[in-house]
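> Task: produce atomic coordinates for the following.
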Amino acid sequence: MKVIDDGVIKYDRSNFTQCKPIELVEYSALECWRKKLFELNLIGEYAEARVGFGNLSETHDYSQFHSSFQPQFIITGTQTGKYPELNGEFYTRVLDYDIDHLKIKMMGPVEASSEALTHAAIYAHNKNIHAIFHIHSVEIWNGMIQDKSNFTCKNIPYGTVEMAMATKKCIDTLDFGSFCMHGHEDGVVAFGRNLDEAGKIIIALYEKYIALKKL
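Residues are numbered from 1 along each chain as shown. Presented below is the predicted three-dimensional model:
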């Protein structure tokens, strides 16, 4: 069994406020896309290691809970990849963050995905971006590397300040697009101005590197 460097929270977990489940209106649109990606096996769990993969987020105004100059967002909770459907018990709100010190202020029934810091860095870098989908696929990952698509360096692991900074270089001035993580095996990220834009980018990658090769 290969060693999977995934699913382990590396950010400071001390600023987590546990509360009741998230309201449906906050995550319903995000969940529609998550179901589609789960059905395509782009979100799930590595069975042998019992480690979940894949996470999605969308910006939200949570100033009623906490005032911040940073974009706030809702994100899937840690180790939720194995579930076909998520309810309000498996999403959480990210209210604030300090990327340089790996700190995240969050509120929800569950802690945020281990990749929350990467999402935070992307939103902070470009405030036109409002949706981020991080999926896993060895076929898409290998295909993007072979095609020399945008990527983060091989020696940069996920969930670190270095990865957060590297994502900014991949995005540059783009409001939508995708990149793969060389140092995070199978990891691919799509971002967009809204959920549908980010989702369609993932679907296009799936069709290019998986669906068309099955024909």
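> Next, the distance between the ends of stretch 111-118.
End-to-end distance of stretch 111-118 (Cα to Cα, to the nearest Å): 15 Å.
> Please state the mean pLDDT value computed over that stretch.
Averaging pLDDT along stretch 111-118 yields 88.
> what separates that stretch from the chain centre, distance-wise?
Its chain's average C-alpha position is 7 Å from that of stretch 111-118, according to Cα atoms, centre = their mean, to the nearest Å.
> again, but for stretch 10-24
Remark: stretch 10-24 is offset 16 Å from the chain centroid, using Cα atoms, centre = their mean.
> and after the lengthiest strand in the chain, which helix or strand comes next?
In the chain, taking DSSP state E as the definition, the longest strand is strand 91-98. Counting by DSSP states H and E, the next helix or strand C-terminal to strand 91-98 is strand 103-108.
> Can you name every helix or strand that that next one contacts?
Using 3 or more Cβ pairs under 8 Å, 6 or more residues apart in numbering; DSSP states H and E as the contact test, the elements touching strand 103-108 are strand 16-18, strand 91-98, helix 116-125. The way it works is simple: take the backbone N, C-alpha and C, and place the C-beta from them, glycine included.
> Distance to Thr78 and mean neighbour count added to those, as TSV?
Formatted as TSV, the helices and strands packed on strand 103-108 follow (distance: least, Cβ to Cβ, whole Å; neighbours: other Cβ atoms under 10 Å):
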stretch	distance to Thr78	mean neighbour count
strand 16-18	11	13
strand 91-98	9	24
helix 116-125	8	24
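> Make a markdown table out of those and add distance to Ile43.
Below are the helices and strands packed on strand 103-108 laid out as a markdown table (distance: least, Cβ to Cβ, whole Å):
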| stretch | distance to Ile43 |
| --- | --- |
| strand 16-18 | 23 |
| strand 91-98 | 14 |
| helix 116-125 | 15 |
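> Figure out which of the ones you listed is closest to Val188.
helix 116-125 (12.1 Å; Cβ to Cβ).
> returning to what we had before: from the contact counts, what lies against the longest strand of the chain?
Using 3+ Cβ pairs under 8 Å, 6+ apart: strand 91-98 touches helix 24-39, strand 73-76, strand 103-108, helix 116-125.
> so which of the ones you listed gets nearest Ile156?
Nearest to Ile156, of the helices and strands packed on strand 91-98 and by Cβ to Cβ, is helix 116-125 at 10.7 Å.
> Can you name the element that comes right after the closest one?
Once the chain leaves helix 116-125, the next helix or strand it forms, by DSSP H and E, is strand 131-136.
> hmm, back to that, out of the helices and strands packed on strand 91-98, which comes closest to Asp196?
helix 24-39 (8.1 Å).
> residues in contact with the closest one?
With Cβ atoms under 8 Å, 6 or more residues apart in numbering as the test, helix 24-39 has contacts from 43-44, 54, 56-58, 60, 74, 76, 84-86, 88, 91, 93, 131, 133, 135, 195, 198-199, 202-203.
> buried stuff in that helix?
For helix 24-39, burial by neighbour count (16 or more other Cβ atoms under 10 Å) applies to 26-27, 30-31, 33-34, 37-38.
> List the buried residues in stretch 169-186.
By neighbour count on 16+ other Cβ under 10 Å, the buried set for stretch 169-186 is 170-171, 176-186.
> Alright, that wraps it up for me.
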